[in-house]
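Undergrad: No sequence on hand, only this structure:
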């Protein structure tokens, strides 16, 4: 006979406790412990539930096929880039992002494109079928008008939809599996994993147990049937996928859709990918017709740049394997309060403090009584230290009110001694800068020579921040 027991599970980190606690001792979150009733099943019954195929047999590794997976072509090039070149059959992909950032829009666009050649089942637990159809019609109508204004259908006319794209509004996972058996799709989209529940588990949808078990069942479905599963996940206020970290370990790929809701650009970032490179990024622009691919993000980020403006510097950052040129703006202003403020947007706060300290101590800039603001144009977030030199140049340029050379890019990591250190993948960065018309690059002096720098761009090698600033302010004769 199955035993029943009560436990309390933290909805933030997944810690299990036998009694209620107001504060989780593991993640220090208040009021996150939720009561759950667990029915212990016999061991023999559990053995039949788990398993990707229902049978397993040890095999020598030499007998296992080592051929690459045949990927399904995805017409959305930026999306395919992040996935590693296309959709892998039998994989499960988790897509997260802030509310209203465009997750459901991106998934619906992908479903409409894939529905032209594949059978797709779109399961929604948050919207009705009519709402999804209205958004799909808007995307199809506006998208066709943006590509070819002459072919845009008149207002009120019917919009053709793929016959192999199926919609269903359901949250019970057992019923969803029945729909999958009837439709037999090649691609399954679940929006979202926090709304799906299993009736055999006595807890509400979105709880740690429901999310973990539902994701495990979907993973088993993908591995045993070859169906590709995309699940949308909510995020917490810290920006992480809601639920325990084990959810990210269950899936094959984790994607984050990032960006400022008040900016047009969106970045689809891969933080885990078993079938491709991690930290890969796809760039989109949010328009009335949905998310439009940005094939040349560097040109888009620099389109509204003001030439020869003090406090503006160009950095070359690597997003995965793609170099992207971004404009970094710095502004210094005498403080009106007792303590000077440091306000970064798009760069790490601690890096701004470090760069400010180096400029004050090693370069001699009096920034102790200056409010410092740093902004990365376009809403992009820069994490790598290769943009340190551009941040320092923007701050120093604003303080001296001297513009930086308009045709120059600045690349380098700053050390506490005021020295510059060489970042990785320098040659791809210089090629991207040359392609966009920049004539000069200020970089750290290379100790070990590797691949030669590309011709057509002047490379100025310096050892310190002070030398770099002098080169950046040099006026051509």
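TA: Thanks, I have it. The shown structure was predicted, so the numbers you read here are calculated from the model rather than taken from an experiment.
Undergrad: residues of stretch 128-143 that come out buried?
TA: By 16 or more other C-beta atoms under 10 Å, the buried positions in stretch 128-143 come out as 132, 135-136, 139-141, 143. C-beta: built from backbone N, CA, C; applies to glycine.
Undergrad: Tabulate those residues (TSV), appending distance to residue 201.
TA: Converted to TSV, those look like this (distance: C-beta to C-beta, whole Å):
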residue	distance to residue 201
132	27
135	32
136	33
139	36
140	38
141	42
143	40
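Undergrad: just curious, which of those residues is nearest to residue 295?
TA: For these, the minimum distance to residue 295 (C-beta to C-beta) is 16.3 Å, reached by residue 143.
Undergrad: Just grab the bridge partners of residue 460 for me.
TA: residue 442 (DSSP bridges).
Undergrad: where exactly do the strands run in the stretch 201-350 of the chain?
TA: Counting by DSSP state E, counting those that start in this stretch, the stretch 201-350 of the chain has strands at residues 228-233, 253-258, 265-273, 281-287, 290-293, 312-319, 322-334, 342-345.
Undergrad: name the helices or strands packed onto the first one?
TA: For strand 228-233, the helices and strands in contact under the criterion 3 or more C-beta pairs under 8 Å, 6 or more residues apart in numbering; DSSP states H and E are strand 92-97, helix 103-114, strand 187-191, helix 208-225.
Undergrad: Tell me which of those sits nearest to residue 197.
TA: So among these, helix 208-225 is nearest, using C-beta to C-beta, at 5.0 Å.
Undergrad: what is the rounded mean pLDDT of that closest one?
TA: Computed over helix 208-225, the mean pLDDT rounds to 91.
Undergrad: Stretch 18-38 now?
TA: 84.
Undergrad: if we look at that stretch, which residues are touching it?
TA: 4-13, 15, 17, 201-204, 207-209 (C-beta atoms under 8 Å, 6 or more residues apart in numbering).
Undergrad: again, 10 Å this time
TA: With contact meaning C-beta atoms under 10 Å, 6 or more residues apart in numbering, stretch 18-38 is reached by 2-17, 201-204, 206-210, 236.
Undergrad: Out of these, which end up buried?
TA: Buried among these (16+ other C-beta under 10 Å): 8-15, 201-203, 206-210.
Undergrad: Spell out which residues make up each domain of this structure.
TA: Domain assignment of the chain by automatic domain parsing yields the ranges 3-44, 70-295, 299-472.
Undergrad: how about these in JSON lines, adding distance to residue 61?
TA: Listed next are the domains of the chain as JSON lines, based on distance: least, C-beta to C-beta, whole Å:
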{"stretch": "domain 3-44", "distance to residue 61": "30"}
{"stretch": "domain 70-295", "distance to residue 61": "18"}
{"stretch": "domain 299-472", "distance to residue 61": "30"}
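Undergrad: For the residue most central in space within the chain, report the pLDDT, please.
TA: By C-alpha atoms, centre = their mean, the mean C-alpha position of the chain lies nearest to residue 269, the distance being 2.6 Å. In this model, residue 269 is scored at 90, pLDDT.
Undergrad: i'd like the first residue to be 406 from this point on
TA: All right, first residue 406 from here; so that's residue 674.
Undergrad: Is it correct that residue 717 is in contact with residue 779?
TA: No. Residue 717 is beyond contact range of residue 779, at 11.5 Å (criterion: C-beta atoms under 10 Å).
Undergrad: Can you check which residues contact both of the two?
TA: Any residue near both residue 717 and residue 779 by C-beta under 10 Å, 6+ apart counts here, and that gives 733-735, 795, 799, 803.
Undergrad: Select the helix or strand of the protein having the lowest average pLDDT value.
TA: For the chain, scoring each helix and strand by mean pLDDT, DSSP states H and E identifies helix 448-454 as the least confident one, at a mean of 43.
Undergrad: Mind listing what's buried along the helix or strand following it?
TA: Where DSSP states H and E defines the elements, the next helix or strand beyond helix 448-454 is helix 482-488. Going by neighbour count (16+ other C-beta under 10 Å), the buried part of helix 482-488 is 483-488.
Undergrad: what about residue 717 and residue 779, which has more around it?
TA: residue 779 (25 against 22; other C-beta atoms under 10 Å).
Undergrad: What's the local residue count around residue 878?
TA: The burial count for residue 878: 16, using other C-beta under 10 Å.
Undergrad: Skipping its backbone neighbours, what lies nearest it in space?
TA: Excluding its sequence neighbours, the residue lying closest to residue 878 (C-beta to C-beta, 6 or more residues apart in numbering) is residue 807, at 5.4 Å.
Undergrad: isn't the one you found right up against residue 717?
TA: No. Using C-beta under 10 Å, residue 807 makes no contact with residue 717, being 11.4 Å away.
Undergrad: remind me which residues of the stretch 556-705 of the chain are low pLDDT?
TA: 556-565, 641-650 (pLDDT under 70).
Undergrad: Who are the contact partners of the nearest residue in space to residue 783 that is not next to it in sequence?
TA: Closest residue in space to residue 783, ignoring its immediate chain neighbours: residue 706 at 4.3 Å, by C-beta to C-beta, 6+ apart. When contacts are counted by C-beta under 10 Å, 6+ apart, residue 706 touches 670, 688, 699, 719, 729-732, 781-785.
Undergrad: Just give me the least confident of those.
TA: Within the contacts of residue 706, lowest confidence goes to residue 784 (79).
Undergrad: so that one sits right up against residue 702, yeah?
TA: No. Here residue 784 does not reach residue 702: they are 11.6 Å apart, not a contact under C-beta under 10 Å.
Undergrad: shared neighbours of those two, which are they?
TA: 670, 672.
Undergrad: Which of those two has more residues huddled nearby?
TA: Set side by side, residue 784 and residue 702 show more neighbours around residue 702, with 25 against 19, by other C-beta under 10 Å.
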